[in-house]
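Student: take this sequence and fold it.
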Amino acid sequence: MAEELVPLLEPPLIEVFLDLWNMLPDNMHSLSPPNNPLAMCLPDQKSVWDAVSVYIQEHLLLHQGVRIPALGSFDVVPKWVKVGNETIIFLKPVFYMARNLIVSHNLMDNKEYLPGHKELEPLKFGEVAAAASVSWKKVEGCIQGTMSLISRCVGKGENIALVLMDVGVLLIEGTKVQMKFYYEFLEVLSGKENLQKVPQLMDVVVSRLEPVASLTFSGRVIIFPKFEMESVPKPPPRRGHLKAHDGDKQKKEGALPALRQGKKEIHQSLDHEDHEMEENMSVL
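Tutor: This next block holds a predicted model:
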């Protein structure tokens with residue numbers, strides 16, 4: 001039986017806050033919003049993003065798209081696929097990354113997440129504010145602050161994951177983007193029978209029980225909106241696979257020494273890029 005991956009939430013939450021604080025330029029270390037993204041988010045960032053997640057889920061289940069400022073757009077598109085002699089028509093949720101994030105960090109590896117031409121209704125701050133029991137100004141500031149921190153983490157080479165309650169997980173690793181959806185959500189949207197038959201749907205499924213860090217190659221990720229650092233031990237390569245691989249290489253070019261994979265660390269400094277961030281955030 002395969003050993004279960006247990007996520008390690010290290011360093012402690014207060015240290016993650018300090019890491020994020022150190023990622024801010026000196027002129028953003030004021031505790032008062034709107035200068036400081038952390039101050040714009042705390043202490044309501046979890047309740048605000050949970051309300052945003054409910055808003056996204058409700059609209060997608062009504063087959064309506066929605067645009068989240070500085071993050072991107074969620075929509076539902078009809079698809080069809082031939083399985084054997086049967087033609088299956090199903091609904092698939094899609095995500096398109098905001099143009100400012102793509103341009104700022106060259107997130108071009110996954111073409112399906114590039115912005116489309118369809119105009120979608122923007123998120124209504126008032127409805128989210130009512131659901132989260134905060135002001136609409138708090139909702140706006142929290143979304144902007146969270147996205148500012150996400151952009152800064154991505155800019156410093158950190159893996160990030162935005163967990164959207166009951167919807168799924170947005171993962172950015174290097175220049176790669178993935179949007180995975182929870183099985184239960186896809187089951188309601190696309191139909192349980194279709195979910196079991198259509199490979200395109202199973203490819204975007206993520207389990208609630210699976211540690212988010214296990215979705216990354218490095219086994220390490222900063223999780224938003226909780227501001228947690230999660231890591232899991234990466235399993236070593238299988239010995240049989242290594243032997244076969246080494247045998248092939250020896251036949252072709254002789255044995256080569258194994259490369260050691262460097263360990264990724266959280267950076268403690270950031271270039272003064274606040275002016276560039278303000279310009280990018282104003283694109284939407």
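Student: from here on, contacts and neighbour counts on C-alpha atoms
Tutor: Will do.
Student: how about the nearest residue to residue 93, chain neighbours excluded?
Tutor: Counting by CA to CA, 6 or more residues apart in numbering, residue 93 lies nearest to residue 76, which is 4.5 Å off, once chain neighbours are set aside.
Student: ok so that neighbour is a helix residue?
Tutor: No. Remark: residue 76 does not belong to a helix; assigned using DSSP: H, G, I helix; E, B strand; the rest coil, it is strand.
Student: for the stretch 151-284 of the chain, what spans make up the helices?
Tutor: Along the stretch 151-284 of the chain, counting by DSSP state H, counting those that start in this stretch, helices occupy 183-190, 192-197, 199-202, 239-253, 274-281.
Student: in this structure the residue nearest to residue 93 contacts residue 118, no?
Tutor: No. At 11.7 Å, residue 76 and residue 118 do not qualify as touching, with contact defined as CA atoms under 8 Å.
Student: pLDDT below threshold where in the stretch 151-284 of the chain?
Tutor: 235-284 (pLDDT under 70).
Student: circling back to that earlier point, and residue 76 and residue 118? Which one has more around it.
Tutor: Taking neighbours as other CA atoms under 10 Å, residue 76 and residue 118 compare with residue 76 leading, 20 against 9.
Student: residue 157 contacts residue 174, correct?
Tutor: Yes. Counting by CA under 8 Å, residue 157 does reach residue 174; the two are 6.4 Å apart.
Student: look up how far residue 97 lies from residue 143.
Tutor: 15 Å (CA to CA, to the nearest Å).
Student: ok, the residue nearest to residue 94 when sequence neighbours are not counted to residue 156 distance?
Tutor: With sequence-adjacent residues excluded and distances taken as CA to CA, 6+ apart, residue 94 is closest to residue 75, at 5.3 Å. To residue 156, residue 75 is 30 Å away according to CA to CA.
Student: compare the two (neighbour count), which wins?
Tutor: More crowded of residue 75 and residue 156, by other CA under 10 Å: residue 75, with 20 against 17.
Student: could you measure from that one over to residue 219?
Tutor: 30 Å.
Student: do residue 176 as well
Tutor: Residue 176 is 15 Å from residue 219, by CA to CA.
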